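A.B. asks: With the sequence up front, the predicted model follows.
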Amino acid sequence: MTTPLRAPGGFPVVGIIGGGQLARMCAPPAVGLCVTLSVLAESEDAAAALVIPDAPVGAHDDLEAVRAFAKNCDVVTFDHEHVPAPVLQALVDDGVNLQPSPQALVFAQDKLAMRTRLQQIGVRCPAWAQVRTLAELADFGAQVGWPLILKTPRGGYDGKGVRVIESAQQAQDWIERAEHDAHVGGLLSQGLLAEEMVDFTRELAVLVARSPSGQAAAWPVVETVQTEGICTEVLAPAPDLDPDLAATLTEATLRIAGELGVTGVMAAEMFEVRGADGQPTYVVNELAMRPHNSGHWSIDGAVTSQFEQHLRAVLDLPLGDPSARAPWTVMGNVLGGTQPEHAQLYPTYKHLLARDPGLRMHLYGKQVRPGRKIGHVTVCGDDLAALRERAGHAAGYLQGTISE
Ligand code: ADP
């Protein structure tokens, strides 16, 4: 592996394991901060490898590739949560400066570990149980009622690894797989996470950043809108959010980041629910320890974007101002369309750039596949309804669901 070229003047090299869109979106702020990025990419044409010159190809679970990569970096961070624990431990043993540390990262890698820890520190969660057998699942269902939610503790994203079940029998295949994997020491070795089905009013996300020396910053709380388990729209700030609840959510998320020793950006996905007293309150759904889809709005809508903040935080630099630049920012995710002609994004995007000069376009350089996140668009301004219309139009036009 070649040694990345660093800028003169003592500036550092930040290594990112994984070459997806999150690593790619760290590139613009790295230019300004004069930080060299090095990415361990899945392939030569990975989203980040297209824009970051130092992008050796290697797998995140290949110990020797990861080791060779990390030794050239001043700090190593992540594009995703999937680096296996033994690889992380080997890096720690090698003296690599990993941010966040494996001890913190485990709570984003493993939903059972996350629930256990959040319960210990007294953060509000849905009723949950670790289930290894159909009998345990049936017992939990008898307590909280059916339907309930069943999750694989590791490896889930965009709703994959989450299932609504009406009876224990419906989960027989997953339980059998979990039992089998427990024998071979596979991904599901701890069984499954069962949760009560939360009757939420909407989904919110709280994004914070924390540095190794303990400085922390929080962006305004946002609303995330999901379609078939995939986030399609983010509204910043969350409309009509009770200011007391916003403060409570922010405080809870900062506390989680502090208690878990998180460094870099962390997102807490939350459900807004009605409390017994009729007042709005929350439960935590899950944590991500990296820049997160719910924070993409911050590139155009905040003084400091989540990508710049992540670089600052993992380098233990002073954090930037996370406040919003406009009353409202709306981010629309662009998903891959289903028809062969949708693979050609260039003509479509030219039309949109002409139609709406205020639209901020962010495409990830990925092959179009149906439903895959291939980019996002952002608009900022005063009129929330008009912004939602513009972002929705642009995302739909790129996806091929809107033709005009
Ligand atoms: P992933 O890791 O795939 O993003 P999540 O745990 O975030 O999975 O769940 C995906 C979606 O499933 C959530 O955004 C939410 O809409 C729904 N969901 C998850 N847990 C619950 C729950 N306990 N009650 C109701 N809906 C849930």
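C.D. replies: Right, received. Where do you want to start? Since the structure is predicted, the reported quantities are computational estimates derived from the model, not experimental observations.

A.B. asks: I figured Glu81 hits Arg290, correct?
C.D. replies: Yes - the criterion here is Cβ atoms under 8 Å, and Glu81 meets it with Arg290 at 7.3 Å. From N, CA and C alone the C-beta is placed, and that goes for glycine too.

A.B. asks: between the two, which one's more packed in?
C.D. replies: Looking at Glu81 and Arg290 with other Cβ atoms under 10 Å, you find the greater number of neighbours at Arg290, namely 24 against 21.

A.B. asks: excluding its backbone neighbours, what's nearest that one?
C.D. replies: Of all residues not flanking Arg290 in the chain, Phe78 sits nearest, at 5.5 Å (Cβ to Cβ, 6 or more residues apart in numbering).

A.B. asks: Also Gly159?
C.D. replies: Gly229 (2.5 Å).

A.B. asks: Next, count neighbours for the one you found.
C.D. replies: 10.

A.B. asks: Same question for His376.
C.D. replies: 29.

A.B. asks: List the buried residues in the one helix or strand Asp244 maps to.
C.D. replies: Assessed by DSSP states H and E, Asp244 sits inside helix 243-260. Residues of helix 243-260 classed as buried under the neighbour-count rule (16 or more other Cβ atoms under 10 Å) are Leu245, Ala246, Thr248, Leu249, Thr250, Ala252, Thr253, Leu254, Ile256, Ala257, Glu259, Leu260.

A.B. asks: Please enumerate the helices of this protein.
C.D. replies: 21-25, 27-33, 63-70, 85-93, 102-109, 111-120, 134-144, 172-184, 243-260, 298-301, 306-314, 345-355, 384-399 (DSSP state H).

A.B. asks: The second one: how far from the chain's middle?
C.D. replies: Relative to the chain's own centre, helix 27-33 is displaced by 20 Å; criterion: Cα atoms, centre = their mean, to the nearest Å.

A.B. asks: Which strands and helices lie in contact with that helix?
C.D. replies: Identification of packing neighbours for helix 27-33 by 3 or more Cβ pairs under 8 Å, 6 or more residues apart in numbering; DSSP states H and E yields strand 36-40, helix 306-314.

A.B. asks: got the contact list for the helix holding Asp244?
C.D. replies: 104, 107, 117-118, 121, 123-124, 204, 206-208, 210, 214, 216, 218, 220-221, 237-238, 262, 266, 268, 270, 272, 280-282, 284, 287 (Cβ atoms under 8 Å, 6 or more residues apart in numbering).

A.B. asks: report the angle between the axes of that helix and helix 102-109?
C.D. replies: Counting by axes from the mean of the first three to the mean of the last three Cα atoms, to 10 degrees, helix 243-260 lies at 130 degrees to helix 102-109.

A.B. asks: hang on, the earlier thing: kindly present the helices and strands packed on helix 27-33 as JSON lines, with separate columns for mean pLDDT, distance to the ligand and mean neighbour count.
C.D. replies: What follows is the helices and strands packed on helix 27-33, written out as JSON lines (pLDDT from 0 to 100; distance: least, Cβ to the nearest ligand atom, whole Å; neighbours: other Cβ atoms under 10 Å):
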{"stretch": "strand 36-40", "mean pLDDT": "98", "distance to the ligand": "23", "mean neighbour count": "27"}
{"stretch": "helix 306-314", "mean pLDDT": "99", "distance to the ligand": "17", "mean neighbour count": "27"}
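
A.B. asks: Let me know how buried the residue nearest to Arg290 is, in neighbour terms.
C.D. replies: Counted with other Cβ under 10 Å, the neighbours of Phe78 add up to 27.

A.B. asks: residues touching it, list them.
C.D. replies: Counted by Cβ under 8 Å, 6+ apart, Phe78 has contacts Ile16, Ile17, Gly18, Pro100, Leu105, Met289, Arg290.

A.B. asks: Which of those fall in strands?
C.D. replies: Ile16, Ile17 (DSSP state E).

A.B. asks: Most neighbours among the contacts of Phe78, which one?
C.D. replies: Among those, Ile16 has the most neighbours (other Cβ under 10 Å), with 31 neighbours.

A.B. asks: got the contact list for it?
C.D. replies: Leu22, Ala23, Cys26, Leu37, Ser38, Val39, Leu40, Ala48, Val76, Thr77, Phe78, Asp79.

A.B. asks: roughly how far apart are it and Gln279?
C.D. replies: According to Cβ to Cβ, to the nearest Å, Ile16 and Gln279 sit 41 Å apart.

A.B. asks: Kindly report the same for Ala68.
C.D. replies: The value you get for Ala68 to Gln279, if Cβ to Cβ is used, is 54 Å.

A.B. asks: More neighbours: the two, which one.
C.D. replies: Each of Ala68 and Gln279 has its neighbours counted (other Cβ under 10 Å); Ala68 has more, 14 against 10.

A.B. asks: Now do the same contact list for the residue nearest to that one when sequence neighbours are not counted.
C.D. replies: Nearest non-adjacent residue to Ala68, counting by Cβ to Cβ, 6+ apart: Met1, 4.8 Å away. By Cβ under 8 Å, 6+ apart, the contact set of Met1 is Pro56, Ala68, Phe69, Asn72.

A.B. asks: So among the residues you listed, which ones count as buried?
C.D. replies: By 16+ other Cβ under 10 Å, the contacts of Met1 give Pro56, Phe69, Asn72 as buried.

A.B. asks: least trustworthy helix or strand in this protein by mean pLDDT?
C.D. replies: One helix or strand of the chain scores below all others by mean pLDDT, DSSP states H and E: helix 172-184, with a mean of 79.

A.B. asks: that older thread, let's see which of the contacts of helix 243-260 end up in strands.
C.D. replies: Checking those against DSSP E, those in strands are 204, 206-208, 210, 216, 218, 266, 268, 270, 272, 280-282, 284, 287.

A.B. asks: out of those, who's nearest Gly396?
C.D. replies: Distance to Gly396, by Cβ to Cβ, is smallest for Leu204 among the ones in strands among the contacts of helix 243-260, at 23.9 Å.
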